[in-house]
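Trainee: just need the structure, nothing else, for what follows:
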Amino acid sequence: NGEWIEGGLHEDIGGGTWNRRPAPAWTLWRFRNNVPIRGQWKVQELQVYKDPLCLLEVTKSNPISSGHREFFEGPDKAFDDSSKTAWGADCIQCDTVRRYWLGEEMPHDAEEAL
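Mentor: Residues are numbered from 1 along each chain as shown. As a prediction, the model looks like this:
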């Protein structure tokens with residue numbers, strides 16, 4: 001009948017893995033789960049700093065992740081300055097170590113990349 005039926009939502013096509021290349025040195029960063037997590041891994045807020053005293057925040061840029069389960073749990077939710085939202089990994093039981101990750105892709109001219 002010519003109607004579109006949504007079969008699923010696919011995010012980070014071609015970029016859901018750590019393969020956004022070419023990318024200048026020091027413009028990509030991520031953190032992964034180093035231990036099994038019972039249930040879905042969620043991160044409400046994440047801030048990254050340039051210095052050990054956490055005075056200078058890293059340039060905010062394009063959030064990236066290994067994926068997310070629901071449309072309202074995208075990687076941008078971990079960087080939106082709201083504790084009411086969260087990124088949710090694309091798993092129900094996130095018990096595979098170092099499989100899920102959250103990070104950012106900074107612009108090539110970011111101060112941290114120079």
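Trainee: all helices of the protein, in order?
Mentor: Here the chain has no helices by DSSP state H.
Trainee: where does it dip in pLDDT?
Mentor: 1, 4-21, 113-114 (pLDDT under 70).
Trainee: what about the strands in it?
Mentor: With strands called from DSSP state E, the chain shows them at 28-32, 42-43, 62-65, 87-88, 101-105.
Trainee: what residues of stretch 50-61 count as buried?
Mentor: Residues of stretch 50-61 classed as buried by neighbour count (16 or more other Cβ atoms under 10 Å): 58, 59, 61. Glycine gets a C-beta too; all of them are placed from N, C-alpha and C.
Trainee: next: stretch 31-45.
Mentor: So for stretch 31-45, counting by 16+ other Cβ under 10 Å, buried means 33, 37, 40, 41, 42, 43.
Trainee: equivalent analysis for stretch 22-32, please.
Mentor: Residues of stretch 22-32 classed as buried: 27, 28, 29 (neighbour count, 16+ other Cβ under 10 Å).
Trainee: now that stretch, how far from the centre of its chain.
Mentor: Computed by Cα atoms, centre = their mean, to the nearest Å, the chain-centroid distance of stretch 22-32 equals 12 Å.
Trainee: next: stretch 48-63.
Mentor: Using Cα atoms, centre = their mean, the offset of stretch 48-63 from its chain centre is 15 Å.
Trainee: before I go, just wanted to say thanks for your time.
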